[in-house]
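*Asks:* Need a 3D model of the following:
(chains A and B)
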Amino acid sequence: MSKEIELPELGATGLLRYSWRQLTSMRTALILLLMLGVAAIPGSLIPQRDQNPMKVREYFSDSLTLAQWMDRVSLFDVYGSPWFSAIYILLFISLIGCVLPRSVEHFHAARALPPKTPKNLDRMEFHSTWNAQGDEIERAYVLLKAKRFRILRENNVISAEKGFTRETGNLFFHLSLILILIGVGFGSLFGMRGDAIVNIGERFINIPTTYDSLKFGKLLSEKALPPFVITVDNFVAKYNTLTNAPEDYTLNVSVVEKPGAPSVKRIVKVNSPLRFGSTNVYLQANGYSPIVTVRDGDGNVALQGPVPFLPQDGNLRSIGAIKVPDADPQIGFVATFLPTQARDSVQGGISVFPEALDPKMLFSIWRGDLGLNTGVPQSVYRIDTSKMERIGLESLKPGETFSYDGGSITFEGFVPWVNLQVVRDPGKNYALLGGIVAILGLLASLFTRRRRIWIRITESGKVEVAGLAKNAAPGLEIEIAKLVTLLKGEK
Amino acid sequence: MSQTWAYISNYFIYSAMAVYTLSFFAHAYETAWAVRAPQTDEASTGSLMTKTLDYTRTEKAARIATAMMILGFILLFAGVIARGISAHRVPWGNMYEFSITGALAFTGAYLGALRKYDLRWLGLLVSIAVLLTLGTAVAVLYRPSAPLVPALKSTWLVIHVCAAIISGGVFLLANVIAGAYLYLDSMERKGPRTVWAQRLPSLEVLDQLSYRLVAFVFPLWTFAVIAGAIWAESAWGRYWGWDPKETWAFITWVAYAAYLHARVTIGWRGRRAAWLCLFAGSTFLFNYIYVNIYGTGKHTYSGL
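*Replies:* Numbers count the residues shown, from 1 in each chain, chains lettered A, B, ... in the order given. The predicted structure follows:
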């Protein structure tokens, strides 16, 4: 034998066809499926920008080079990364390449008659034979027809088949996965998501400038925001007195759906958002805004109103920054709001309950340049004090005033704020439909058996029955045994 | 908040643990005593392999073991219900409650499978697993009965968590069986089974059984994930956000999907299939233990 193997020339089309076959093979699909699972792991262990931007920033401040390298391979953005996308796109191409031809094939097979009966039934499963009465074929036909078998009947032979639902369900399951992917893609292209902190008593007008953060899908224009106005009337948070955990949040709002429409009172809860078509408004977070009045040395008001503070723990100890850019030189207060104040020997001022039972505001006063004109975006909750000097440290209860060199601050009181999250996702109904079809398809494909049963009366006057379970699923033996008893029994 | 009901629940759970312990001892007795040492006259005739199995003398112990398992299930069921009454809600609001309900689902899956298959040999492992779960729950995870945080106040809590817990119970049972498969397989590779192992089912039966359990519960797991997505849409403003819990639920789903494909389409059997099954099950366990306790994200309801 020659050791040289002659490889046929593949050519460009041959190579393409070869790659396509490889990609759509079951083995490749299985490897891609497992790869998708493995590729999803890092995103659950490393903080992701979308979910936890603060933690990501910590990585950057802890070790810049490492974080930059991690960022270069999209480790902070795993589920939108090129490599993650590559795996699922390949998987879905492989899926489509496998499922579409099978669907066509199945469509034809389901309309065709069962194949002819094999010659040697005794080689098939659960074969049994006995002396014929003569009318077995007729009775078997009636019995199998009643059980909705598809039957090919010739003279003294019946070939019956059932269980196409299995493949139908299987195909629907895989097609529905494609539908889910379409729904996800549609939602991200034509969707939007934004957050706005609104103090109780204030109005939220649905235009881009009222948002604290806002993201549009690639194919959605800013004009697509529905023109609703929400007035936040009242917010009640109930807390458990034993565990301090929240028990209930109720937000009362007045909604004007579009200019000219009447104002409607509505209630928003965590599990029941406001719905405007495919746009929903969620109650996502809440906190406190201390109300302050800052006066300059002459007693003129330099700043007045509620300033939203950011909660730091379950008891709503909140930090914030009160910036007075109009003062000269500029004044800033780095502040902490404690809804129910207490002192801890290690941490200092803490809050021991999330409800404002004994509120207090602690702050340090800074004078100098707030750095608002540097062009670098600044957090509204923090002050860059690098160009400032500290001129005081104080704590106030509601109604109290503190005077410092060059002005005074009055802690008037507080008002709760809520974070309204506005989300538009026009693709979610497709995804939901896909999910429902996936489950139904899965049930059909896992719990139906595809099987064939043959009955023949031989020339020697014997009845032969045999079957074939196409999916190695159990149950055919019992089914055939029952059929045989019925055929034998009616004498 | 009725604290009395919480105490009643605790008593039921302690009693269930006591009864499971009895079941454990009965199973252990049965496993050990069914092996009969050679009689002196038999021994003199020769080979070392004359040890035989004699079930007649352990039949009583076996019956007691299963009866205790059923009684434990009933007591645990009562404990879970009482916990629910004490909190005026379904009893799965924190990890202690997930654990006791999970142990209940696991015993339920075992007893359910026992009606159809001869699985009494598995009772020893099941009782150990349940005791460990309940022990950890009572000793480490216990939290006073309390109302739910607002995000959990939804009908979907009943549907989504129930589906997830049942799936978990069955996945773990499939895992135990796949583990038994691998153990017996490596035993058979070295030679004949040891005497006590002879009563365990054949490798084919174990292989089929773990597959059936997975195939049976995979649609339910799919449903649990989708129900979670529907709930997340109304509570968190998105149906899928790659939260660590969601990610690992997805990984579990993918792993079991791969397992089913490997079996049905490529025809994997035996060792490779069992390893894949174990891998898939361990992603579920990782999700339950690691993500609940150390994980960040929105599914932080362990109460720890």
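
*Asks:* contacts and neighbour counts: CA atoms only from here.
*Replies:* Noted.

*Asks:* Which positions in the stretch 1-150 of chain B make contact with chain A?
*Replies:* Proximity of the stretch 1-150 of chain B to chain A (C-alpha under 8 Å from any C-alpha of the partner chain) is limited to residues B:146-150.

*Asks:* for A:Arg150, what are its contacts?
*Replies:* Contacts of A:Arg150 were listed using C-alpha atoms under 8 Å, 6 or more residues apart in numbering or on different chains, and they are A:113-114, A:160-162.

*Asks:* Sitting in helices, which of these do you find?
*Replies:* Secondary structure of the contacts of A:Arg150 is defined by DSSP state H; no position falls in helices.

*Asks:* The residues you listed also near chain B: which ones?
*Replies:* Applying C-alpha under 8 Å from any C-alpha, the subset of the contacts of A:Arg150 adjacent to chain B is empty.

*Asks:* So for stretch B:214-225, mean pLDDT?
*Replies:* Stretch B:214-225 comes out with an average pLDDT of 94.

*Asks:* which residues touch the residue most central in space within chain A?
*Replies:* When chain A is reduced to its mean C-alpha position, the closest residue under C-alpha atoms, centre = their mean turns out to be A:Val184, at 9.0 Å. When contacts are counted by C-alpha under 8 Å, 6+ apart, A:Val184 is found next to A:427-428, A:431.

*Asks:* hang on, the earlier thing: any chance of the residues of the stretch 1-150 of chain B next to chain A in a markdown table, plus neighbour count?
*Replies:* Listed next are these as a markdown table, based on neighbours: other C-alpha atoms under 10 Å in any protein chain shown:
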| residue | neighbour count |
| --- | --- |
| B:Ala146 | 22 |
| B:Pro147 | 21 |
| B:Leu148 | 22 |
| B:Val149 | 17 |
| B:Pro150 | 19 |
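
*Asks:* Could you list the residues in contact with stretch A:420-433?
*Replies:* With C-alpha under 8 Å, 6+ apart as the contact definition, stretch A:420-433 has outside contacts at A:176, A:179-188, A:190-198, A:278-285, B:226, B:230, B:237-239.

*Asks:* let's see it at 6 Å
*Replies:* Outside of stretch A:420-433, the residues within contact range by C-alpha atoms under 6 Å, 6 or more residues apart in numbering or on different chains are A:180, A:183-184, A:186-187, A:191-196, A:278-283.

*Asks:* The longest helix belonging to chain B - contacts with which helices or strands?
*Replies:* The residue-count maximum for a helix in chain B (DSSP H) belongs to helix B:203-236. With contacts defined as 3 or more C-alpha pairs under 6 Å, 6 or more residues apart in numbering or on different chains; DSSP states H and E, the secondary structure elements packing on helix B:203-236 are helix B:162-190.

*Asks:* anything in the helix it packs on near chain A?
*Replies:* No. Using C-alpha under 6 Å from any C-alpha of the partner chain, helix B:162-190 never reaches chain A; the gap is at least 13.3 Å.

*Asks:* I'd assumed the residue nearest to the centre of chain A was in a helix, is it?
*Replies:* Yes. Remark: A:Val184 belongs to a helix, assigned using DSSP: H, G, I helix; E, B strand; the rest coil.

*Asks:* Now the phi/psi pair for the nearest residue to A:Thr279 once chain neighbours are set aside, please.
*Replies:* If you skip the residues right next to it in sequence, A:Thr279 has A:Arg424 as its closest partner in space, 4.1 Å away by C-alpha to C-alpha, 6 or more residues apart in numbering or on different chains. Main-chain torsions, A:Arg424, degrees, to the nearest 10: phi -120, psi 120.

*Asks:* distance of A:Arg424 from A:Phe190?
*Replies:* Distance check for A:Arg424 against A:Phe190: by C-alpha to C-alpha, to the nearest Å, it reads 8 Å.

*Asks:* Same question for B:Arg212.
*Replies:* Between B:Arg212 and A:Phe190 the distance, using C-alpha to C-alpha, works out to 42 Å.

*Asks:* Please list only the buried members of the contacts of A:Val184.
*Replies:* For those, a neighbour count by 16 or more other C-alpha atoms under 10 Å in any protein chain shown gives the buried set as A:427-428, A:431.

*Asks:* for those, which one is nearest A:Asn120?
*Replies:* Distance from A:Asn120 was checked for each of these by C-alpha to C-alpha. The minimum falls on A:Ala431, at 49.5 Å.

*Asks:* So which bits of chain A are right by chain B?
*Replies:* Counting by C-alpha under 6 Å from any C-alpha, the residues of chain A close to chain B are A:37, A:44, A:246-248, A:270-271.

*Asks:* Next step: the residues you listed restricted to strands.
*Replies:* When the residues of chain A next to chain B are checked against strands (DSSP state E), the matches are A:246-248.

*Asks:* possible to save those residues as TSV with neighbour count?
*Replies:* Compiled in TSV, those are given as follows (neighbours: other C-alpha under 10 Å):
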residue	neighbour count
A:Pro246	20
A:Glu247	18
A:Asp248	19
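
*Asks:* mind checking how far A:Thr231 is from A:Ala285?
*Replies:* Distance of A:Thr231 to A:Ala285, computed by C-alpha to C-alpha: 17 Å.

*Asks:* ugh, wrong one, A:Leu446
*Replies:* When distances are taken as C-alpha to C-alpha, A:Leu446 and A:Ala285 turn out to be 43 Å apart.

*Asks:* now swap in A:Gly413 and tell me
*Replies:* According to C-alpha to C-alpha, A:Gly413 and A:Ala285 sit 21 Å apart.

*Asks:* Of these two, which one has the most company?
*Replies:* The residue with more neighbours, out of A:Gly413 and A:Ala285 and counting by other C-alpha atoms under 10 Å in any protein chain shown, is A:Gly413; that gives 18 against 14.

*Asks:* element containing that one, please.
*Replies:* Counting by DSSP states H and E, the secondary-structure element that holds A:Gly413 is strand A:407-424.

*Asks:* for the record, mean pLDDT for that strand?
*Replies:* Average pLDDT, strand A:407-424: 94.

*Asks:* Domain-wise, how is chain A divided?
*Replies:* Under the assignment named as automatic domain parsing, the residue ranges that make up the domains of chain A are A:17-104, A:113-163+A:449-489, A:188-286+A:421-436, A:287-417.

*Asks:* and of those domains, who's closest to A:Leu171?
*Replies:* When these are compared for distance to A:Leu171 using C-alpha to C-alpha, the nearest one is domain A:17-104, at 6.5 Å.
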